[in-house]
Each structure stands twice: as structure tokens, then as C-alpha cells.
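Asks: Pasting the sequence and the predicted coordinates here, then a few questions.
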Amino acid sequence: MSDETPARAFGYVRVSTEDQAEHGSSVAAQEAQIRATCAARGWDLVEVFVDAGVSGGKALSTRPAGRRLLAGLEKGDVVIATKLDRLFRSAVDALTRGAAWRDGGIDLSVKGIDTTTPHGRAMFGIMAVLGELERELTAERTREVSQFRKAQGLVRGQVPMGAKVGPDGKTLIVDEGELDVLDRIRRLRSDLGLSFEHIASILNADSVAKKRGGTWSRGAVHHLYHAHAAQAA
């Protein structure tokens, strides 16, 4: 590749749940950082691949967008992510894939890591191990909390839209307000044929509260619409 030709860059974005897409590590926020990096480095951003609702514990090659990313890479390309744990949470997957990219002439751009230098490659290995450790510690803490709540007879896990925890902390009861929101989404989509993006804008304009805060997005409306339809079927 000549000096005059900018490197092809491919962004990768991952959020582990639909709800996370509404907060600090949102799809839009990650994409914005990736685009800013490309602009600063003079890279040609070809595509941004997005895996929404995908656990970082899954190998990159087993994720829908991850597979498409890997299939399109060529020598001289750059893979960009906002954090290493967006791409990998398994040290084995990270180190194996990182070595394959290095041998294939593919660079990785992640905040604080430059795999074109020995120091950067060492940092890549350290961060990969720390990322896996963090995932395992989080899983252990989640299990401990779940076991405690089970022993106390309390509700465990996320409470679905349309329900809320009763006064006893052990049973779920109907949340009429949230059921109205779900029904409104269904009518706007099924009866009026509005796009999920349009529905999200209507809900935001009407200041309709989300269960876990934040603003409505296309992905959030899409998720609730299909989840509600499956429950009603």
C-alpha cells in the first residue's frame, strides 16, 4: 500500500445487552469514537460492525458481526474498537486472534494499545488477561448475589417490562403503566406501520420513561416489540 493511499479501517462495536445500548457504552458512542479515531489518523473507515446483545465471553468468530468482520479483512487493514473487551474477554481468543492478525499484516487500534510495537504487543497480552479476569470476577459476584437472593426467597434477575417487584420483594406484579407503553408500541408498529426509529422518537418526544432510564432508541423499541409479541403469542 502506498503512502498516499489511506489504510482501510473496520470498526467493531459490541454491547452485551439491549439495555446497555442506551447508556455510556452505547452503540452510537462507540461508533463516534471510532469515526473520530479514523479522522485523526487519516484512515478510510469502510464499515462499522455491530454486535448488540452479545456476551464478550463468546469468541469473536462466533458472533454474527464478528464473523463478517473477520471475513472481510485483508493485509494492511486496521481493526478499531473503543476498548479491548469489546473485541475479546477471553485471553486465549485475544492472543490467538492478535497473533493471526499480526502475521497477516492486520493492525489493531484500541485506546492505549498499538500492536505495531513490542511494547504495544506486550500491553495487548496484559490487557487480554486482565479482561478475562474481570469477566470471571463479575460472573462470580453475580452468582453470589443470585444465591443470596435465592436463599432469601427474593426475586432474581432483571424484571421484564410490564412487571414490577411486589411489596414482599419476592413476587412480580403487573405494572399497568408499562403495559400501556408496550401496547402503544404494538399499535404504532402493527396498526400504523411506523418504523422502530420513528416510534422511538415519539416516545422520547412524549417523555415516556424507560424501565432502566435513558432515551429510547430503535434497538430498544425493536427488542420490546418482538419480546412482547412472543409473550402474547
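Replies: Sure thing, it's come through.

Asks: Are there helices or strands packed against the helix or strand where residue 223 lies, and which ones?
Replies: Residue 223 belongs to helix 218-232 when elements are defined using DSSP states H and E. The contact analysis (3 or more CB pairs under 8 Å, 6 or more residues apart in numbering; DSSP states H and E) places helix 218-232 against helix 176-186, helix 196-205. Backbone N, C-alpha and C define where each C-beta goes, glycine included.

Asks: Quick one: mean pLDDT for that helix?
Replies: For helix 218-232, mean pLDDT rounds to 77.

Asks: and the gap between residue 105 and residue 34?
Replies: 21 Å (CB to CB, to the nearest Å).

Asks: where along this structure do the helices fall?
Replies: Assigned by DSSP state H, the helices in the chain fall at 27-41, 64-72, 84-87, 91-103, 118-152, 176-186, 196-205, 218-232.

Asks: about what we covered before: tell me which of the helices and strands packed on helix 218-232 lies nearest to residue 72.
Replies: helix 196-205 (26.4 Å; CB to CB).

Asks: which residues sit against the closest one?
Replies: Contact with helix 196-205 is made by 181, 185, 188-189, 194, 215-222, 225, as judged by CB atoms under 8 Å, 6 or more residues apart in numbering.

Asks: who's in contact with stretch 78-88?
Replies: If you take CB under 8 Å, 6+ apart as the criterion, stretch 78-88 is touched by 7-14, 25, 29-30, 33-34, 37-38, 43, 45, 56, 60, 69, 73, 94, 97, 101, 106-111, 113, 124, 127-128, 131, 134-135.

Asks: buried sites along that stretch?
Replies: 78, 79, 80, 81, 82, 83, 84, 85, 86, 87, 88 (16 or more other CB atoms under 10 Å).

Asks: Kindly report the same for stretch 200-210.
Replies: In stretch 200-210, counting by 16+ other CB under 10 Å, buried: 200, 201, 203, 208, 210.

Asks: Contact partners for the closest residue to the last one other than its chain neighbours?
Replies: Spelled out, that is residue 210. Closest residue to residue 210 apart from its sequence neighbours, by CB to CB, 6 or more residues apart in numbering: residue 216 at 6.3 Å. If you count contacts by CB under 8 Å, 6+ apart, residue 216 has them with 22, 199, 200, 201, 203, 204, 208, 210.

Asks: So among those, where is pLDDT lowest?
Replies: The minimum pLDDT among the contacts of residue 216 falls on residue 22, with 49.

Asks: any idea how far residue 178 is from residue 160?
Replies: Taken as CB to CB, the span from residue 178 to residue 160 is 9 Å.

Asks: cool, and residue 192?
Replies: Taking CB to CB, one finds residue 192 at 25 Å from residue 160.

Asks: Could you give the number of residues near the nearest residue to residue 67 once chain neighbours are set aside?
Replies: In space, and not counting its chain neighbours, residue 67 is closest to residue 61: 6.0 Å by CB to CB, 6+ apart. When neighbours are defined as other CB atoms under 10 Å, residue 61 has 13 of them.

Asks: Walk me through the domains of this protein.
Replies: Annotated domains of the chain cover 8-133, 163-232 [automatic domain parsing].

Asks: so which of those domains is the most packed in?
Replies: Highest mean neighbour count of those: domain 8-133, a mean of 17 (counted as mean count of other CB atoms under 10 Å).

Asks: circling back: would you turn the buried residues of stretch 200-210 into CSV with distance to residue 172?
Replies: Formatted as CSV, the buried residues of stretch 200-210 follow (distance: CB to CB, whole Å):
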residue, distance to residue 172
200, 26
201, 30
203, 23
208, 21
210, 18
